[in-house]
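> sequence first, then the predicted structure, then my questions.
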Amino acid sequence: MRRLEDAALLTGAGRYADDLPAPAGTLHAAIVRSPEAHARIVRIDATRALAVPGVHRVITGAEIQAISDPFLIVLKEPIDQWSLAVDRVRYVGEAVAIVLADDRYTAEDGAELVEVEYERLPAVVDPHKAIQPDAPILHERAGTNEVSSRRFVYGDPETAFALAERTVRITVDYPRSSYTPMECFVVVAEYRRASDSYDVFANFQGPFSAHPVMAKSLRVPGSKLRLRTPADSGGSFGIKLSVFPYIVLMSLASRLCGRPVNWVEDRLEHLVAANSGPNRTTTVEAAVTADGRIQALRFDNLEDYGAYLRAPMPGPLYRMQGAVTGAYDIKHVELINRVVLTNKMPAALVRGFGGPQLYLAIERLVQRIAVELDLDPLDVIRRNLIPADSFPYRTPAGALYDSGDYAKAIDKAVGEGRLEDLKRRRDEARAAGKLYGIGFATVVEPGMSNMGYLSTLVPNHVRERVGPKNGAVSMVTVNVDPVGSVSVTADVTVQGQGHQTVIAQVVAEELGLDPRDISVNLEMDTQKDQWSIAAGTYSCRFSPGTAVAAHLAAKRIREKVGRIAAKQLNVRPEEIEFAGGRVFARSNPDNGMPFARAAGTAHWSPVLLPEDDEPGLRETGIWSPPQLDPPSSKDEINTSLTYGFVFDMCGVEIDPVTMEVRVDRYISMHDAGRLLNPLIAEGQIHGAFVQGLASALYEEFVYDDAGAFLSGTFADYLVPTACEVPPIEILHIETPSPFTPLGAKGLAEGNCMSTPVCIANAIADALSIRDVPLPATPDRLNAIMSGEEPAPPPDLVEAAPEPRAAAGGQALRGRGEFQVPAPPAEVWRLLLDPENLRRVIPGCHKVEIVGENVYRAEVSLGVGPVRGRFTAHVRLSDLKTERFARLSGSLTGPLGSSEGAGDVTLEPSGDGTRIRYEYAITLAGKVAAVGSRMIERAAGMVIGQFFERLVTAVGPADAGETRPGLLQRIVGMLRRLAGGGQ
Amino acid sequence: MQRVGQNERVPVTITLNGRQVTALATSRTLLSDFLRQAVGATGTHVGCEHGVCGCCTVMIDGVAGRSCLALAVQVDGCRIDTVEGLAGEGGALNALQRAFQANHALQCGFCTPGILMSFTDLLARNPSPTEQEVREVLGGHICRCTGYAGIVAAVLQAAAEMRGEAA
């Protein structure tokens, strides 16, 4: 059935968070963010920001700290985080101050003028370096960056490895990325002083386990944090959990300024600071028989959560704990889970949530077993599958797989000539000298998480002390009004999955109504709606969870209306049927009445109700499946309720010159139990597939070694467009889940888990390589196949001065020369004269001499979408009058900072002067994030403008008026740093 | 050319979906913000504000363009068409909108208005686009939900219907 949501969304009538009017008097917020990866905040001066007309208030971390508590986290470690940085920043993009103004434009004006002085600290970006003894510590009170480490043993892996005929091992790295919803975060927060409560409207997605975290930080009981969510949301994919620190920040800002506060995140903020999946390194080893039967697995996981451990982190490391053996019948497992913190944005929810990381390890391992044992990879997969007759199947780590027939699914996928076709295409491509490979991936897809899985993180004795956690409560309310019209509220948030449609279908089916007559309102209101700790839209909990609660609620309505009708129709309640908007006796359909009349009786005529029925017609269905037990004393945990199955196979062709990977064919087989809405199911698979493709080939949040963020725009962070997406063939089988009344399982995350590794396996096959870096970009594959780029010949680097590297960030170098029609003496004077420099430097507001050969300048510069005002400090040294100067210094501003050095040489040339320059600088902050391509181009433009203006300055018109100013260098530096606009 | 001072608010008049509207803008007000905040046409969405994602695409004097890269004062006197103007009498969906629904070409719907405007432009110029041409135009938009398959199918189906061929 077609979606009920579409009519509004196709006509511009959607109601997204930023479409709704904010309360009168609302102030608009802009956030000042750290350009530093790790630094002490020395001073924040808001004087100039507050002088801007329309700016009302600037709030810093100290004020936030005074009226709020740090966020609760899953560990006991002292890893305090408030909604603004307090004393120290730990990643580029961390919120440092907030500016409140009459409108957003003015707030951003103010944000640009907030002066923050940082004292840089050493940063650590590589998780492997972060666990070394000499690494900089992010949270000194924690004393270490490795804030959690647990070892698990299921079965007897030690013996299995001792007896193993063969062992195969591989190490894989899963990169940092996100699925960047097209709508960014939105918060409207209002503090109500009279009741000491907060009323917040935000496009938060859940899980609502974050609600107590927010309330605790705000120092109010949960009932005094009213959180409402909008009717429509522009995608989420897990990401919109991470709006929660901003809900707290805007709530506190409203309290401090006494007015409602609205904040709309922009894309640059989103990319640098909103959310990332954790990066993980896994070393996994298998004990195998000579024919490829896996006897035992050993995992060592090191997962990098960035600068803070926000709840519910480290979820991705534990979400798959029970299912760590994937689709395979493996009895013995050893597992080490380590959590490390680094100077990167904090990790949080991203669709797939631990699955992509796990399956990259397992399925790459299976491919390696085939290679090293000289077996067919599909044979290795089949040999290890859990047999169809063993469901429900208990894994060694405690998961209870509900149903499946994995062999049948694979047979169907490879059948009908599909695998032969792939092999034929491969053979033809290879015969033509091309690089072509085939990959497989086999995935068990969890649905509806056990709220107790994260407590596996702590040892059993701690769990015994704090009490068990388990279950996953789902709630839906069906309301029937006095004229018999039906409305539904549920414990999910809207993100685009068509939940309104599916809930309407489920309820309508039960009540014999048309789904279009069911009003489903999914605007959550925590003060008025039914919700429990597991509420929200995440971890595929809708189909196995909320849809079931809807079914249960509708069933109770049906039963009650049935009893009401039975009494009036003089039949037994079991005789009552619901269809076509009528309620009638099964044996005599003419003996019936409209649904509306039967239902209305509960409101209008309590006197007619059966004896035991109460008036009114409103039922809440509550679903808490019994299979979701707490972790056992041996750390066994049934991490999810349902376990679907995905089998993918693909063929990729790799251009032998560019190393660009093209997916030639992709086949994806799914068993998600009963499909509630096939159209929506296919849509979910298509979407997840392209996100998996993105993780395999394109998207990554890149940091340099010093912590500068380099993926700050959609020109740097590469989201696939329609031109990059290959066609995919989607297949289904249905083995209904016996554990859910509707038989449905989750299915929306499977391809996020299967596609990255399926493509990686095909690349490994095509190139005959062991280690496949993700994303498998052409430069990375080239580095593997051809070795690293050779260093440039010495004569090309000889003169470039070294940047003062401490700055951290991306290095930028350049050189060039320019002819100026004036003698060196005149050019020299011009370049040393502040007033001339001010006129010659594009975007320069002011140049002043602050000491001998030390200058301070203020300039406005822009690169691509970012533009800002910078302060430059430049020192001249090694001066050889009219011939040479060396410049060194720094540039700081709200968009970032840089340090660097450069040389300028003047020499007579004809009637004029030939100026040669070269420089090397480092960039940090937003200017680094927008990408060196744009910066280099912008730098070139600014330098060009500078020299043009210099030529004008020495031109005949004011030949008599000359002045010096090596600042040109400076200027050049500045410019390129910041990139130059006009 | 009109000169607008830095803090000056000037009236900007556009013909929005066939109706003339006037609202105030400063010299730096983006067209996207002008439409959403000054005029109240919130169907046009803002996804990146640096011209990559295509969410904010509208038609300016009949040509699809990014409203986040245009200033309100630049379009004074122009015809602006947005998603709100696509449906017919009584809100009846047009052929392109119907095809989007039939092919599940939208999930969250946030990128959809911009995509509809780009293809309104394309189909007006090229009633018989090839799949490759559709993909190339769609390449100017980012959709994170659908994987694009439904959108390509929808545009081709709408084009066929608009040419009078059986759907």
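That came in fine, so what should we check first?
> show me how the record splits chain A into domains.
As assigned by automatic domain parsing, chain A contains the domains A:6-121+A:185-264, A:146-176+A:277-453+A:630-784, A:473-623, A:794-978.
> so is the shortest one next to chain B?
Yes - where contact is defined by CB under 8 Å from any CB of the partner chain, part of domain A:473-623 touches chain B, namely A:Q495, A:G496, A:Q497, A:G498. Placement of C-beta: from N, CA and C, glycine included.
> dump these to a markdown table, plus pLDDT.
Formatted as a markdown table, these follow (pLDDT from 0 to 100):
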| residue | pLDDT |
| --- | --- |
| A:Q495 | 93 |
| A:G496 | 94 |
| A:Q497 | 93 |
| A:G498 | 95 |
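> closest to A:P821 among the residues you listed?
The nearest member of the residues of domain A:473-623 next to chain B to A:P821, counting by CB to CB, is A:G496 at 62.2 Å.
> re earlier: mind checking which of the residues of domain A:473-623 next to chain B are in helices?
If you go by DSSP state H, those have nothing in helices.
> please list only the buried members of these.
Neighbour counting by 16 or more other CB atoms under 10 Å in any protein chain shown classes A:Q495, A:G496, A:Q497, A:G498 among the residues of domain A:473-623 next to chain B as buried.
> residues in contact with A:D664?
A:R425, A:Y436, A:C650, A:G651, A:V652, A:E653, A:P726 (CB atoms under 8 Å, 6 or more residues apart in numbering or on different chains).
> with adjacent residues omitted, what lies nearest to A:N761?
Once flanking residues are discounted, A:N761 sits nearest to A:G439: 3.2 Å by CB to CB, 6 or more residues apart in numbering or on different chains.
> got it, and A:F739?
Per CB to CB, 6+ apart, closest to A:F739 is A:D402, 4.8 Å.
> just the ones of the residues of domain A:473-623 next to chain B in strands?
Judged by DSSP state E, strands contain none of these.
> ok, the closest residue to A:C184 other than its chain neighbours to chain B distance?
Nearest residue to A:C184 in three dimensions, chain neighbours excluded: A:E265, at 3.9 Å (CB to CB, 6+ apart). The spacing between A:E265 and chain B, counted by CB to the nearest CB, to the nearest Å, is 11 Å.
> one more: A:K745?
The value you get for A:K745 to chain B, if CB to the nearest CB is used, is 20 Å.
> that residue reaches A:A672, doesn't it?
Yes - in this structure, A:K745 is within contact of A:A672 by CB atoms under 8 Å, at 4.6 Å.
> just give me the neighbour total for A:I137.
Look at A:I137: counted by other CB atoms under 10 Å in any protein chain shown, it has 15 neighbours.
> and the closest residue in space to it that isn't next to it in sequence, what is it in contact with?
With sequence-adjacent residues excluded and distances taken as CB to CB, 6+ apart, A:I137 is closest to A:N145, at 6.2 Å. A:N145 makes contact with A:V124, A:A130, A:I131, A:A135, A:I137, A:L138, A:V340, A:L341, A:T342 under the criterion CB under 8 Å, 6+ apart.
> which one of those is nearest chain B?
The shortest approach to chain B among those belongs to A:T342, at 26.5 Å (CB to the nearest CB).
> my guess is that closest one meets A:E303, correct?
No - using CB under 8 Å, A:T342 makes no contact with A:E303, being 10.8 Å away.
> show me which of those two is the more surrounded one.
Each of A:T342 and A:E303 has its neighbours counted (other CB under 10 Å); A:T342 has more, 29 against 25.
> so that one belongs to a helix, correct?
No - applying DSSP: H, G, I helix; E, B strand; the rest coil, one finds A:T342 to be coil, outside a helix.
> quick check, pLDDT for it.
With respect to pLDDT, A:T342 has a value of 98.
> next one: it from A:G258, what distance?
Plainly put, A:T342 is 39 Å away from A:G258 if you go by CB to CB, to the nearest Å.
> so A:I64 is in which element?
helix A:61-67 (DSSP states H and E).
> how about A:F946, phi and psi?
The phi and psi values for A:F946, taken as degrees, to the nearest 10, are phi -60, psi -50.
> tell me the SS of the nearest residue to A:G143 once chain neighbours are set aside?
The shortest distance from A:G143 to any non-neighbouring residue, by CB to CB, 6+ apart, is to A:I137 (6.9 Å). Following three-state DSSP, A:I137 is assigned to coil.
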